[in-house]
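S.K.: Kindly generate the corresponding structure for this input.
(one chain, ligands or ions: 1)
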Amino acid sequence: MGFINKEIECMPREELKKLQSERLCAQIKRCYENVECFRNRMDEAGLKPEDIRGIEDLHRVPFSYKKDLRDYYPYGLFATPLKDVVRVHASSGTTGKRIVVGYTRDDLKLWDECVARVMGAAGVTDEDFVQVSFGYGFFTGGLGAHGGADYIGSTVIPISSGNTANQIQTMIDFGSTVLCCTPSYAMYLGEEVERLGVKDQLKLRIGIFGAEPWSEDMRHKIEEKLGLKAYDIYGLSEVLGPGVSGECTEQAGMHVWEDHFIVEIIDPETGEVLPEGETGELVFTSITKEAFPVIRYRTRDICSLNPEPCKCGRTHIRMNKPNGRTDDMLIIRGVNVFPSQIEEVLLKVSGDQITPNYQIIVDRVNNTDTFDINVEMSEAFFSDNIKAIEKLEKRITDDLRSMLGISAKVHLVNPKSIVRSEGKAKRVIDNRAGKI
Ligand code: DLL
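M.R.: Numbers count the residues shown, from 1 in each chain. Take a look at the predicted model:
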């Protein structure tokens, strides 16, 4: 259901590969001519654009990295004259400096269509009222979702993130049927809806959530609290913004729009391309973008791909929910820890006892890593009953130990004491820098 461009979304894979090959060759040539960083890398590898004859040669092309965006800040990686750039977006880099990406008029059109395909696949139509509660501005979430809903012809409610009471009143007054925001903000909105007892005044039916990892358990909790069906949307500023991929109603992975992006999974250590189905780092090549194309861009997202045909009829390959990043992986006392693993443990504890708000605090004292997790108690569980609190802390500690293989100190903290986020939640505070 909900095809926006059926011919492309259901194109036989053979044809799709042929299209990718043609577009890849043209993009490599364009980048070689216009982007100094890419030209230098190709020259260093002893490659000329004509050596790349199709997708079978892609593995020979050098990678590109987030660091390149810092080194060529702000416009050094753009492949078109700046007068053709009609929009820029920015996102935080791993150090203080922002990374900047740009779009031509045609880039914006293809972006809108990609987001529209995701929304269409989830069942959004021109009769929907789409409340865009992603932040507008440099972050790609707000304007990206806006463009997709506009493309479909839905009524866009461009509220942006924040002011939670107003968000809920707007949902009620304007009859919002679709909500777009981060899953952590959806959860917070759900909590507030519950607290205010207004769920039956909402008309929400679909949620389009993304921009951060979230679990199946979290999906179910959001669906329950807001009375909608929740869909995952993936993307990153460097490659497009939201809409690189998204779920259809089968909810068995996110379709990557392969007419615009070539996706690979590599071993993050060796850079070798891994066979389909294996887990590794996602790498994207944008084969149609003009202003800011990326070639073999290392996303640091850890994921696997499924090329099997999908029941929905779409032929585009599916990626599973990214379950961590090579760079948000914490190494605590020598053990690799993903925040998503901690979330999984916490979500198994009853919602009557804790809320999904938590914070991981890592530090180093006397040359040893400390590992603390603050978890918010629910209003219902919050009490002076120290015994009950200690018992639950012990249970979570035990569950975490068996999941991670190391011990964390779990502290149940007062309801609403962890600062809420209107965008991406800040789950990890790592104070170890310089304390080796
Ligand atoms: O987060 C774009 C976006 C906006 C996607 C709205 C979906 C919805 P950045 O700020 O550049 O762009 O962050 C990109 O966020 O590399 C992933 O690590 C993470 N991410 C994005 N979507 C998902 C998702 C936007 N659905 C980085 N599941 C990416 C897990 C996600 N992680």
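S.K.: From here on, just use CA atoms for contacts and neighbour counts.
M.R.: Will do.
S.K.: Look up the closest residue to residue 231, ignoring the ones flanking it.
M.R.: Spatial nearest neighbour of residue 231, chain neighbours left out: residue 208 (5.0 Å); criterion: Cα to Cα, 6 or more residues apart in numbering.
S.K.: Please spell out which residues along the host helix or strand of the one you found are buried.
M.R.: Using DSSP states H and E, residue 208 falls within strand 206-210. For strand 206-210, burial by neighbour count (16 or more other Cα atoms under 10 Å) applies to 206, 207, 208, 209, 210.
S.K.: Turn those residues into a markdown table, including distance to residue 22 and pLDDT.
M.R.: Output for the buried residues of strand 206-210, formatted as a markdown table (distance: Cα to Cα, whole Å; pLDDT from 0 to 100):
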| residue | distance to residue 22 | pLDDT |
| --- | --- | --- |
| 206 | 37 | 98 |
| 207 | 36 | 98 |
| 208 | 32 | 98 |
| 209 | 33 | 96 |
| 210 | 31 | 93 |
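S.K.: Out of those, which is nearest to the ligand?
M.R.: Proximity of those to the ligand was ranked by Cα to the nearest ligand atom; the top entry is residue 210 with 3.8 Å.
S.K.: residues in contact with the closest one?
M.R.: For residue 210, the contact set (Cα atoms under 8 Å, 6 or more residues apart in numbering) comprises 181, 182, 183, 232, 233, 234, 242.
S.K.: same question, residue 413
M.R.: 374, 375, 376, 377.
S.K.: Against the ligand, how distant is the closest residue to the last one other than its chain neighbours?
M.R.: On the basis of Cα to Cα, 6+ apart, the spatially nearest residue to residue 377 that is not a chain neighbour turns out to be residue 354, at 4.2 Å. Separation of residue 354 from the ligand (Cα to the nearest ligand atom, to the nearest Å) stands at 23 Å.
S.K.: likewise residue 42?
M.R.: Taken as Cα to the nearest ligand atom, the span from residue 42 to the ligand is 25 Å.
S.K.: residues touching that residue, list them.
M.R.: Here residue 42 is in contact with 32, 48, 61, 62 (criterion: Cα under 8 Å, 6+ apart).
S.K.: What subset of these is buried?
M.R.: 32, 61, 62.
S.K.: Present those as CSV; the columns should include pLDDT.
M.R.: Shown next, in CSV, are the buried ones among the contacts of residue 42 (pLDDT from 0 to 100):
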residue, pLDDT
32, 98
61, 98
62, 98
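S.K.: of these, closest to the ligand?
M.R.: Looking across those and measuring by Cα to the nearest ligand atom, the closest to the ligand is residue 62, at 19.6 Å.
S.K.: Am I right that residue 57 sits in a strand?
M.R.: No: under DSSP: H, G, I helix; E, B strand; the rest coil, residue 57 falls outside any strand and is assigned helix.
S.K.: Next up, phi/psi of the closest residue in space to it that isn't next to it in sequence, please.
M.R.: Nearest residue to residue 57, sequence neighbours excluded (Cα to Cα, 6+ apart): residue 51, at 7.9 Å. With angles defined as degrees, to the nearest 10, residue 51 sits at phi -70, psi -20.
S.K.: re the thing from before, so which of the buried ones among the contacts of residue 42 is the closest to residue 157?
M.R.: residue 32 (41.4 Å; Cα to Cα).
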